[in-house]
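J.: Attaching a predicted model along with its sequence, questions to come.
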Amino acid sequence: MDLATRTLGPAGPALTAIGLGCMSASWGYKLQPQSDAVSVATFIHAIDRGVTHLDTAAMYGPEHNEHLVGEALQGRRDRVFLASKAGLTVDDAATRKVRKDGRPDVLRRQAEGSLRRLRVDEVDLYYLHRVDPKVPVEESWGALSELVTEGKVRHLGLSECTVDDLDRAHAVHPVAALQSELSPWTRDPLGNGTFAWCAEHGAAFVAFGVLGRGYLTGSLEPGTAFPSDDFRATNPRFTPEAMRANRPLLDAIRTIADHHRATPAQVLIAWALAQGPHVLAIPGTKRRAYVDDNAGGDGLVLSTDDLARIDALPAAVGARYG
């Protein structure tokens, strides 16, 4: 089926409103390991069913995820709006020890590596993965804008930043997109000004973590034994106590899903897209069945009452990060 599209900004390219976050095939979520071949097949399946927006990053793996996406792109590059990121350096993959590094030479080196691993000459959207407090954002952003001038990157984005960061970067080169976590249990961008900034400046808001890192889909139970290399093993929201305390959020999503004969994932995606026409959602998965399930959120229209009920839900118990 044809998936609905939205543009990257008022005059930007059209891409599917529901994209695919590719990270979990290489980084963060290790509860259900799988082979690289199956991961690549999942990415290809998403492209074949019409998903045009794929999102990866240099740090996922590290570097491993870009190799997988690059394999999936072979013979399919012209059907994909490709996004990747630079600005985070992995010091220890086993413990997920990561540091921000926005030095211009580091960003250029990471970007050149992204192009090699992805096997492309140009990336459609390249993000500064995090703003490095030790480097003025103007310097980092200026280095990335040089990649645009050189034809190696088409558009630039920021991830998880402040309004001040957005203003300062935008003064150097247009900000095409902001990527931040957004779901009923992470609504911070709706109140900190960054979501509104995107709407006011013609930038896309690219929502990740839309499914509550798996919890809000109902696929995880309190006491789930996460492997030590799974991000959720030490995450405050995934302690048994926090998972039980957050059950009202999950129950409300399930009730709405049952009413629409939909799945919780589809409700969560529909909720994110309903926040504004500049929103693009990139739910992450490494499973074909979930690609298909997520795509079902494309045509789901939540009522005003549905949206009000979700908006009235309590804040999540537990911090986003440990």
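T.: On my side now, so go ahead.
J.: alpha carbons only for contacts and neighbour counts from here, please
T.: OK.
J.: Where do the strands of the chain begin and end?
T.: For the chain, the strands defined by DSSP state E occupy 5-7, 14-16, 20-21, 53-55, 81-86, 88-92, 97-100, 123-128, 153-159, 177-181, 204-208, 279-281.
J.: any low-confidence regions in this structure?
T.: Residues of the chain that meet the criterion pLDDT under 70 lie in 1.
J.: roughly how far out does stretch 255-269 sit from the chain middle?
T.: Offset of stretch 255-269 from its chain centre (CA atoms, centre = their mean, to the nearest Å): 21 Å.
J.: And that stretch, end to end?
T.: Terminal residues of stretch 255-269 are spaced 15 Å apart (CA to CA, to the nearest Å).
J.: which parts of that stretch are buried?
T.: Ile256, Ala257, Ala262, Thr263, Pro264, Ala265, Gln266, Val267, Leu268, Ile269 (16 or more other CA atoms under 10 Å).
J.: now stretch 186-196
T.: Thr186, Arg187, Asp188, Pro189, Thr194, Phe195, Ala196.
J.: and the second one, what is it in contact with?
T.: Read that as Arg187. Glu181 (CA atoms under 8 Å, 6 or more residues apart in numbering).
J.: That one and Leu216: what is the separation?
T.: Arg187 is 14 Å from Leu216, by CA to CA.
J.: can you check the fourth one too?
T.: With the distance defined as CA to CA, Pro189 ends up 19 Å from Leu216.
J.: cool, the first one as well?
T.: For Thr186, the distance to Leu216 under the criterion CA to CA works out to 11 Å.
J.: And the fifth one, by the same measure?
T.: Between Thr194 and Leu216 the distance is 24 Å, computed by CA to CA.
J.: picking up where we left off before, including distance to Ile310, could the buried residues of stretch 255-269 go into a markdown table?
T.: A markdown table is the format used below for those (distance: CA to CA, whole Å):
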| residue | distance to Ile310 |
| --- | --- |
| Ile256 | 9 |
| Ala257 | 12 |
| Ala262 | 16 |
| Thr263 | 15 |
| Pro264 | 12 |
| Ala265 | 14 |
| Gln266 | 14 |
| Val267 | 10 |
| Leu268 | 10 |
| Ile269 | 13 |
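J.: residues touching Ala252, list them.
T.: By CA under 8 Å, 6+ apart, the neighbours of Ala252 are Arg309, Ile310.
J.: ok, for the spatially most central residue of the chain, nearest residue in space, not its chain neighbours?
T.: Centroid check for the chain by CA atoms, centre = their mean gives Phe208 as the closest residue, at 3.1 Å. Nearest residue to Phe208 in three dimensions, chain neighbours excluded: Glu181, at 4.7 Å (CA to CA, 6 or more residues apart in numbering).
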